[in-house]
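Undergrad: please find the sequence and the predicted model below.
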Amino acid sequence: MGYWTYARRRWKWFLWLLVTAVVLINAAIFIGLTGPRDQLSVRQMEDESHLLIARKRLNKSRGNSSGQAYADWEQKDPLGGDRGKHLNQENSQKQDQNLADHGYDANQPKEVDANYNSRTNYTYKDNEEDNDDEEIIELLKEKDDQEDYVQQKGGQSHGARANYSITQVDQFVQKFQSVYKNSPYAVDTESKYLIHLRRITSLRKKGPRLVDYLHEKCTHSWEIFHSEIRQHALYDPDEGYLKSLLKDMVMKEVVDVEQKEGGTQIKLIITLEDDGQSLFKPMRFPREQETLPDHFYFADYERHNAEIAAFHLDMLLGFHRVPPTVGRVVNVSHDLHRLSNKKLARTFFLSPAGNWCFHGSCSYYCDSSHPICGHPIMLEGSMAAFLPPVERAKRKTWRNPWKRSYSKHRKAYWELNNDLCDKIKEKEPYNTGRRLLDILDMAVFDFLTGNLDRHHYETFQDFDNETFLLHLDNGRAFGKSKYDCISCIAPVRQCCMIRLSTLSKLVKLYSGPDSLSTLMRFSMHSDPVDPILVESHLQALDRRVSKLLHIILSCLAKGKSWNEVIIDDGIT
Ligand SMILES: Nc1ncnc2c1ncn2[C@@H]1O[C@H](COP(=O)(O)OP(=O)(O)OP(=O)(O)O)[C@@H](O)[C@H]1O
Ligand SMILES: [Mn+2]
């Protein structure tokens, strides 16, 4: 072999080694960049053919879409069978029978929360931010020492009183009854809560519609919902369209899916065959799972069932400020993946357990370690009716004066000082009209649901400042059933004020015969993904009704006069 032949062979070897090295280095870089965790999902997302095969297989065995999967729900009345009738005074006699038909018996003994009397419930140890609230803690501790602060009376049903009666509140309720004896706000212990509620809401002046919808011709339920939005309420529960809207959100075929930008966690805009749209928040955890003790409120996961429960609670309180919301089970493949754009579709994958999962893109929990998964393909979520597009009905976003700091280290002004109310009372829009009392209503609502995440609120610009506040975004509510968020009610405690119509409803819920937990259980029973709340969260509602009344009572005890604390602004 000559020298040149030998040299050529070595050169070939060298070239071959070089190419192999380049390939290996590239592969190493690829693995390093994507990380071993994502290898499986990257492969799965790139190669959608296996998803198509799996989809076909599962669709065959489970029905094509959520509409079909939920066809049996068609027979169900989305507003609780005879809710319409319950709210109708003329049918009040039928009501008892209807309630009985639904297994509702006001005289049934209720499960008593055995832990309620324990001291830990009053010291709020599981959330340090509220430990600054010395005053209320001292007050509650003091009462706890008196032992009769909370008397458990399992066996009888008298509203929240049944399990969570407070001696001083009983006396306050008696005074309330005598002061408003012959007024629409009168409270007795016999009549049904829904009759009481109806009497109060019937006093409401609805006000005009949104300007752009004055001459609207409507066919679909969502169009009617938009055109029926009024100055003083988002919807009217007595109108037939609400029932149809809830039903349509469950039954209509999904025709488009898009990820909603803005906010921190994943939400999808789902368009249905009638062109109506809903905001879909997917289920992440079982109902029993509570907020992780080491999570701040702003890092807490959103709960789809909290959105549904909040809608029912808001309706039962007669506020009508939460967009109609209902549970729906969707097919991750047919209803979501098939209709997603490329960016969203790439985040879908088959999990090692064989479940259909996705994670979308957002700032919190949108990665493959926090997947949203079907079982194996059907996924539960909440569908909130979309508000009118901003091009037709502009909304104004307001900073909540009692906004939290959203920082691990800082506290907000109102958490360190008690005079925020005195300051904002002087300022627009809180110095006139209904706004300040609406903020206090929102605090009552958030205290009941345990929602610490109320940084902003919105109103419809058409109605200027004299309008209701939208109670949007309740996804972080109902996170801790044994903990009552006293700081959520700071606006009421610091202003020492409450709207008469709201107080009257709370007094009625305390007095019975219906308790808030029973009414909620009954109202939510109509939802396709019922049970919406586990028992401990329902019991918490009754406990919080008692505490709310105690907070009002302590304002009076501080020397404020009745009319300074309880404000009749005519808004119901
Ligand atoms: N039913 C609805 N129809 C139309 N828009 C809505 C609806 N609900 C919420 N939005 C809009 O979408 C935005 C985000 O919704 P939401 O607040 O529920 O999401 P989020 O991720 O929980 O937000 P954040 O992280 O800020 O708490 C809201 O600020 C609101 O403007
Ligand atoms: Mn939120």
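TA: Alright, I've got the coordinates. Ligands and ions are numbered 1, 2, ... in the order given.
Undergrad: does ligand 1 sit close to stretch 436-446?
TA: No: Stretch 436-446 does not reach ligand 1 (Cβ under 6 Å from any ligand atom); its nearest approach is 13.0 Å. All C-beta spots, glycine's among them, are computed from the backbone N, C-alpha and C.
Undergrad: which residues touch that stretch?
TA: Outside stretch 436-446, the residues that touch it by Cβ atoms under 8 Å, 6 or more residues apart in numbering are 310, 313-314, 317, 319, 400-402, 424-425, 430, 451-452, 454, 457, 468-469, 471, 477, 485, 488-492, 495, 497-499, 502, 506, 548, 567, 569, 571.
Undergrad: hmm, that stretch in reach of ligand 2?
TA: No: in terms of Cβ under 5 Å from the ion, no part of stretch 436-446 sits within range of ligand 2; the closest distance is 12.3 Å.
Undergrad: return the distance of that stretch from the chain's centre.
TA: Centre-to-centre, stretch 436-446 and its host chain are 15 Å apart (Cα atoms, centre = their mean, to the nearest Å).
Undergrad: convert that stretch to CSV, retaining C-alpha atoms only.
TA: Listed next in CSV are the C-alpha coordinates belonging to stretch 436-446 (Å, rounded to 0.1, in the frame of the first residue of the first chain):
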residue,chain,number,x,y,z
LEU,A,436,-69.2,51.9,49.1
LEU,A,437,-72.1,49.6,50.2
ASP,A,438,-71.4,47.4,47.1
ILE,A,439,-67.8,47.0,48.2
LEU,A,440,-69.1,45.9,51.6
ASP,A,441,-71.5,43.4,49.9
MET,A,442,-68.5,42.1,48.0
ALA,A,443,-66.6,41.7,51.2
VAL,A,444,-69.6,39.8,52.7
PHE,A,445,-69.6,37.6,49.6
ASP,A,446,-65.8,37.0,49.8
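Undergrad: heads up, I number from 49, so please use that
TA: All set: I'll call the first residue 49, so the last point we hit is now stretch 484-494.
Undergrad: buried stuff in it?
TA: Leu484, Leu485, Asp486, Ile487, Leu488, Asp489, Met490, Ala491, Val492, Phe493, Asp494 (16 or more other Cβ atoms under 10 Å).
Undergrad: reformat those residues as JSON lines; add secondary structure and pLDDT.
TA: As requested, these are arranged in JSON lines below (DSSP: H, G, I helix; E, B strand; the rest coil; pLDDT from 0 to 100):
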{"residue": "Leu484", "secondary structure": "helix", "pLDDT": "98"}
{"residue": "Leu485", "secondary structure": "helix", "pLDDT": "98"}
{"residue": "Asp486", "secondary structure": "helix", "pLDDT": "98"}
{"residue": "Ile487", "secondary structure": "helix", "pLDDT": "98"}
{"residue": "Leu488", "secondary structure": "helix", "pLDDT": "98"}
{"residue": "Asp489", "secondary structure": "helix", "pLDDT": "98"}
{"residue": "Met490", "secondary structure": "helix", "pLDDT": "98"}
{"residue": "Ala491", "secondary structure": "helix", "pLDDT": "98"}
{"residue": "Val492", "secondary structure": "helix", "pLDDT": "98"}
{"residue": "Phe493", "secondary structure": "helix", "pLDDT": "98"}
{"residue": "Asp494", "secondary structure": "helix", "pLDDT": "98"}
